[in-house]
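Undergrad: Take a look and give me a structure for this.
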Amino acid sequence: MEKVLEMKNIVKTYGRVVANDDISIDLRKGEILAIVGENGAGKSTLMKILYGLEKADSGEIFLHGKPVKITSPSVAMDLQIGMVQQHFMLFGPMTVTENIVYNNEISKYSFFDKKKNEEKVAELSERYGLKVDPTAIVDNCPVGTQQRIEILKTLYQNADIIIFDEPSAVLTPNEVDDLLDTMKNLAAAGKSLIIITHKLNEVMYVADRVVVLRAGKLIDVVNKKDTSIEQLSYMMIGRQVANLEIVEHDSNETLLKVENLTLGSELGKKVLDNVNLYVNAGEIVGIAGVSGNGQTELVRCISGLERNYQGKVTVNGSDVSNFDVAAIRKAGLSHIPEDRYMWGSAREATISDNILMGEEDSIRFSKNGILKQKEIDGYADKLIGEYSIKVDNNKQKIKELSGGNAQKVITAREVERDCPFTIACEPTRGIDIGAMEFVHERLVAKRDKYGGILLVTSELSEIMKLCDRIYVMYNGSINYEFKNEDIDDHKLGVLMLGGKVDENKVVN
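TA: Take a look at the predicted model:
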């Protein structure tokens, strides 16, 4: 098979950290190459070098056997290399067509030719089986459609090599199936694809070959047909991933109760519409739903970040309706926020200070209003070690850490806090399989000690794996409630999109 791309002996360092240590890979025409590894393994750095977002310290890149210098994304695009970003780069108020043809529009008499551009997008959509409405406003499109728009943007730029960065992070199971089929269709059409992902089941479905990186080094390149999820996991983290055993607990002690919770938007629309749910001691309860269906607002109301709602919230037996954050935490709640920087940490503060947050007046960490710095630093070092947070020392600022390591700091602080109930929003977002395993173990350990956890995550495999019960949210309401064992991921995906389940029959 023809080699369309070669990256030879790539080295990239950041100070003392070697992100890419003499890595060589190749990509062949019409294949899907997966790159897997833990956080800090060097996956994203290698692809940023290929797309011109970073410059290698040494090494060479060859396209069709000829050396090239890729100094910026525009150079990469000129060389027919495109990248579908994890966080979509779209203009929400503009149409699908305007987003796809942006900066390369068809004009007539120096004016945007609306008809011709829409026809071009419709033709592209039809050719690659990526269904979109060329006239739709992007803000009104569901997440799966927005991703199709990103792919079509790349195809419109004539990309022959397409990099996908964690492409399924925000999709429902049904949308993930569509995406993986799209990737296979693109490869069949002669495109060459590289996918960065943590989800090994997707790798096993879609990839032809797999590159495994660990700690900046190339561990192996294997054919998909010659490996397994277990073998890839072992190569990624250097040990076998343990299987969690979740034992069912019976408890009538309710740690969270939400009754008739209703929240209106500034435009008068109900963002939350009469939501009722509960979490007992000794259980993990999941909230499944496509992003934008009220999960964020629900968590904000429970945690005290939103205080303008109707209804009742009870935490650990105390009515905390419309209380502030500090009062609700004092009642017995810890919270891993959805946005690690906006709500979860102070970017300019040290790791020690971030781990201390919310506990400044505790007897353990202060006396007569004076902080016990030695105790604080010792506790921070303990969590850094237990959660394998990659840092130089506890005085580093959060902004100096990778996103995955910043997430570990927040998760460690909140999971280890001595309180009965935890809201965990995207607790493993952006962290690798080894760290994910550890976080899952800690959540289950809290559950087994008769703590309660409300898990809100876009990782549906996480919900299916950890939760005793699952609520599905759609359009601001609870669309369905079920025990974990009563439903499969296909039914869950249908429910998340507003479908119904009637006597074990899925109704779209």
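
Undergrad: just for the stretch 251-400 of the chain, where's the confidence low?
TA: Along the stretch 251-400 of the chain, the parts satisfying pLDDT under 70 run over 266-267.

Undergrad: all strands for it, in order.
TA: 254-264, 270-280, 283-288, 310-315, 318-319, 333-336, 366-367, 370-371 (DSSP state E, counting those that start in this stretch).

Undergrad: Could you say which helix or strand holds residue 494?
TA: Using DSSP states H and E, residue 494 falls within helix 489-496.

Undergrad: what comes up buried for that helix?
TA: Of the residues in helix 489-496, 489, 491-496 count as buried by neighbour count, 16 or more other Cβ atoms under 10 Å. Just so you know, the C-beta spots here come from the backbone N, C-alpha and C atoms, and that holds for glycine as well.

Undergrad: repeat for stretch 20-39
TA: 20-21, 23, 25-27, 29-39.

Undergrad: same question, stretch 119-139
TA: Neighbour count says stretch 119-139 has 120-122, 124-125, 128, 130, 132-134, 138 buried, by 16+ other Cβ under 10 Å.

Undergrad: Domain parsing of the chain, as residue ranges.
TA: Taking automatic domain parsing as the domain assignment, the ranges for the chain are 3-237, 254-348+417-507.

Undergrad: Can you lay out the ones you listed as CSV showing distance to residue 407?
TA: Listed next are the domains of the chain as CSV, based on distance: least, Cβ to Cβ, whole Å:
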stretch, distance to residue 407
domain 3-237, 9
domain 254-348+417-507, 5
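
Undergrad: returning to what we had before: next, format the strands of the stretch 251-400 of the chain as a markdown table and append distance to residue 182.
TA: A markdown table is the format used below for the strands of the stretch 251-400 of the chain (distance: least, Cβ to Cβ, whole Å):
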| stretch | distance to residue 182 |
| --- | --- |
| strand 254-264 | 36 |
| strand 270-280 | 32 |
| strand 283-288 | 23 |
| strand 310-315 | 41 |
| strand 318-319 | 49 |
| strand 333-336 | 32 |
| strand 366-367 | 55 |
| strand 370-371 | 54 |
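
Undergrad: Just say which of the ones you listed is most tucked in.
TA: Comparing the strands of the stretch 251-400 of the chain by mean neighbour count (mean count of other Cβ atoms under 10 Å), strand 333-336 ranks first with a mean of 26.

Undergrad: neighbouring contacts of it?
TA: 299, 302-303, 315-316, 329, 344, 410-411, 414-415, 417, 419, 421-427 (Cβ atoms under 8 Å, 6 or more residues apart in numbering).

Undergrad: let's see it at 6 Å
TA: Strand 333-336 is contacted from outside by 303, 315, 410-411, 414, 417, 419, 421-425, 427, using Cβ atoms under 6 Å, 6 or more residues apart in numbering.

Undergrad: Of those, which is the most crowded?
TA: Counting neighbours by other Cβ atoms under 10 Å, residue 315 leads these with 30 neighbours.

Undergrad: ok, the residue lying closest to that one once chain neighbours are set aside - contacts?
TA: Once flanking residues are discounted, residue 315 sits nearest to residue 331: 4.7 Å by Cβ to Cβ, 6 or more residues apart in numbering. If you count contacts by Cβ under 6 Å, 6+ apart, residue 331 has them with 315-316, 318, 320.

Undergrad: got the buried residues of stretch 119-139 as JSON lines, with pLDDT columns?
TA: As requested, those are exported to JSON lines (pLDDT from 0 to 100):
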{"residue": "120", "pLDDT": "90"}
{"residue": "121", "pLDDT": "92"}
{"residue": "122", "pLDDT": "92"}
{"residue": "124", "pLDDT": "88"}
{"residue": "125", "pLDDT": "88"}
{"residue": "128", "pLDDT": "82"}
{"residue": "130", "pLDDT": "81"}
{"residue": "132", "pLDDT": "88"}
{"residue": "133", "pLDDT": "92"}
{"residue": "134", "pLDDT": "92"}
{"residue": "138", "pLDDT": "90"}
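
Undergrad: Who are the packing partners of the helix holding residue 494?
TA: Contacts defined by 3 or more Cβ pairs under 6 Å, 6 or more residues apart in numbering; DSSP states H and E place helix 489-496 against helix 173-188.

Undergrad: and the angle from the helix or strand just after the helix it packs on to helix 173-188?
TA: Remark: after helix 173-188, the chain's next helix or strand is strand 192-196, criterion DSSP H and E. Angle, strand 192-196 to helix 173-188, by axes from the mean of the first three to the mean of the last three Cα atoms, to 10 degrees: 140 degrees.

Undergrad: same for strand 192-196, what does it pack against?
TA: Contact here means 3+ Cβ pairs under 6 Å, 6+ apart; on that basis strand 192-196 packs against strand 32-36, strand 161-165.

Undergrad: Now do the first one and strand 161-165, the angle between them.
TA: With the same axes, to 10 degrees as the criterion, the two stretches strand 32-36 and strand 161-165 enclose an angle of 30 degrees.

Undergrad: quick one: contacts for the residue lying farthest from the centre of the chain?
TA: Going by Cα atoms, centre = their mean, the residue of the chain most distant from its centre is residue 109, 44.4 Å out. Residue 109 makes contact with no residue, according to Cβ under 6 Å, 6+ apart.

Undergrad: roughly how far apart are it and residue 308?
TA: Distance of residue 109 to residue 308, computed by Cβ to Cβ, to the nearest Å: 51 Å.

Undergrad: before we move on, what about residue 466?
TA: For residue 466 relative to residue 308 (Cβ to Cβ), the value is 32 Å.

Undergrad: likewise residue 470?
TA: 28 Å.

Undergrad: Where does residue 153 sit: helix, strand or coil?
TA: helix (DSSP: H, G, I helix; E, B strand; the rest coil).

Undergrad: Good, wrapping up.
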